[in-house]
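Student: Here you go, sequence then predicted model.
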Amino acid sequence: MPRKAQTESIADAHAAPGGVAAVDRALSLLAAFRQGDLSLSLAELAARTRLYKSTTLRLLASLEHSGLVQQLDDGRYALGAELARLNGVYAASFSLDRVVLPVLRRLVAQTGESAAYHVQQGQGADAVRLCLYRVDSPHPVRDHIKAGDVLPADRGSGARVLIAFDPQRSRAAARDRKLYAAIRERGYFAAEGDRLAGVAGISAPVFGPDGQIAAALTLTMPAHRYDERHVKPVLEAARELSGLAGPTPP
């Protein structure tokens, strides 16, 4: 009989409901590669995935056969050329609006307030915050920002989040350093009147595949309709988009 693992593997701990365990484990080996890893040894892969070396070796044989990994002359493993081909296919077919807009629509349906996706454009004194996507609240009383509008890069809940999670910009903002540290600790920023009197906003960071800040997801409403309960769906929507957001259109 196979030995029962003393510690649950990463794949088994986060198994796909209704999925195939062997596929989950094989994918966990690909996910074990991190930024800066040129290659990993069998022992490193087994340790990072919490799989037995024997299991790791069998899974690597299948991944190597499909071109998803390659074994180097020194016995270590690197990601394979098939991943580059798949990345090219993905990049060619990627449409950011097909990813972002459904999430914004669901957030508006949940909260009844307006949802937007903001990105920074430019650097230093030339920096601005662009409202890339927007879904309006069904309420007649709301703010009237629309997709394509340019907003201040240093005011508003979206701007604060974009600064807080950008190490270079948050270090440069010495006057508000404590504020940005608090935003990073909470994982979001909520404020009334930070950009415009009478308007409240809740923003959370959206991270790109590289782990860097890609955008701020923002829910806005008149200050009198601000509801602390909206923080949770904003955070959930931002997490859903993180890692999926991909490149920002020019």
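Tutor: Structure's in. What do you need?
Student: Quickly list the domain ranges of the chain.
Tutor: Following the assignment in automatic domain parsing, the chain carries domains at 10-92, 94-241.
Student: Deepest in the core, which of those domains is it.
Tutor: Most buried of these by mean neighbour count (mean count of other CB atoms under 10 Å) is domain 94-241; its value is a mean of 18. Where you see a C-beta, it was placed from the backbone N, CA and C, and this is true even at glycine.
Student: So what's the gap between that domain and the chain middle?
Tutor: On the basis of CA atoms, centre = their mean, to the nearest Å, domain 94-241 sits 14 Å off its chain's mean C-alpha point.
Student: what mean pLDDT would you report for that domain?
Tutor: For domain 94-241, the mean per-residue pLDDT is 91.
Student: For the helix or strand where residue 220 lies, enumerate the helices and strands it packs against.
Tutor: Assigned by DSSP states H and E, residue 220 belongs to strand 213-222. With contacts taken as 3 or more CB pairs under 8 Å, 6 or more residues apart in numbering; DSSP states H and E, strand 213-222 sits against helix 96-111, strand 114-121, helix 157-164, strand 199-207, helix 231-241.
Student: For residue 13, which of the ones you listed is the nearest?
Tutor: Distance to residue 13, taken as CB to CB, is lowest for helix 231-241 among those, at 18.2 Å.
Student: hmm, back to that, let's have the helices and strands packed on strand 213-222 in a markdown table, adding distance to residue 189.
Tutor: Converted to a markdown table, the helices and strands packed on strand 213-222 look like this (distance: least, CB to CB, whole Å):
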| stretch | distance to residue 189 |
| --- | --- |
| helix 96-111 | 16 |
| strand 114-121 | 12 |
| helix 157-164 | 5 |
| strand 199-207 | 5 |
| helix 231-241 | 10 |
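Student: now for these, which one comes closest to residue 61?
Tutor: Residue 61 lies closest to strand 199-207 among these, at 33.3 Å (CB to CB).
Student: Mind giving me the packing neighbours of that closest one?
Tutor: Using 3+ CB pairs under 8 Å, 6+ apart: strand 199-207 touches helix 157-164, strand 189-192, strand 213-222, helix 231-241.
Student: if we can go back for a sec, could you list the paired strands of the strand holding residue 220 along with their orientation?
Tutor: Here strand 213-222 has these sheet partners by DSSP bridges: strand 114-121 (antiparallel), strand 199-207 (antiparallel).
Student: Relative to residue 179, which of the helices and strands packed on strand 199-207 is closest?
Tutor: Across the helices and strands packed on strand 199-207, closest to residue 179 is helix 157-164 (CB to CB), at 7.2 Å.
Student: Strand 199-207 and that closest one, what's the angle between them?
Tutor: Using axes from the mean of the first three to the mean of the last three CA atoms, to 10 degrees, the inter-axis angle of helix 157-164 relative to strand 199-207 is 40 degrees.
Student: What are the contacting residues of helix 157-164?
Tutor: 116, 118-120, 129, 151-154, 169-170, 173, 176, 179-181, 183-184, 188-191, 194-195, 201-205, 213, 215-216, 218, 220 (CB atoms under 8 Å, 6 or more residues apart in numbering).
Student: could you check the angle helix 231-241 makes with that helix?
Tutor: 60 degrees.
Student: Give me the residues contacting the helix or strand just after helix 157-164.
Tutor: Next along the chain after helix 157-164, taking DSSP H and E as the criterion, comes helix 167-172. Residues outside helix 167-172 that contact it (CB under 8 Å, 6+ apart) are 162-164, 177, 180-181, 184.
Student: next one: stretch 24-36
Tutor: 9-12, 14-16, 40, 44-45, 48-49, 51, 55-56, 59-60, 62-63, 68-69, 79, 83, 210-211.
Student: Let's see which of those residues end up in strands.
Tutor: Within those, residues falling in strands by DSSP state E are 69, 79.
Student: Out of the contacts of stretch 24-36, which sit inside helices?
Tutor: Members of the contacts of stretch 24-36 lying in helices (criterion: DSSP state H): 10-12, 44-45, 48-49, 55-56, 59-60, 62-63, 83.
Student: Many thanks, we can stop here.
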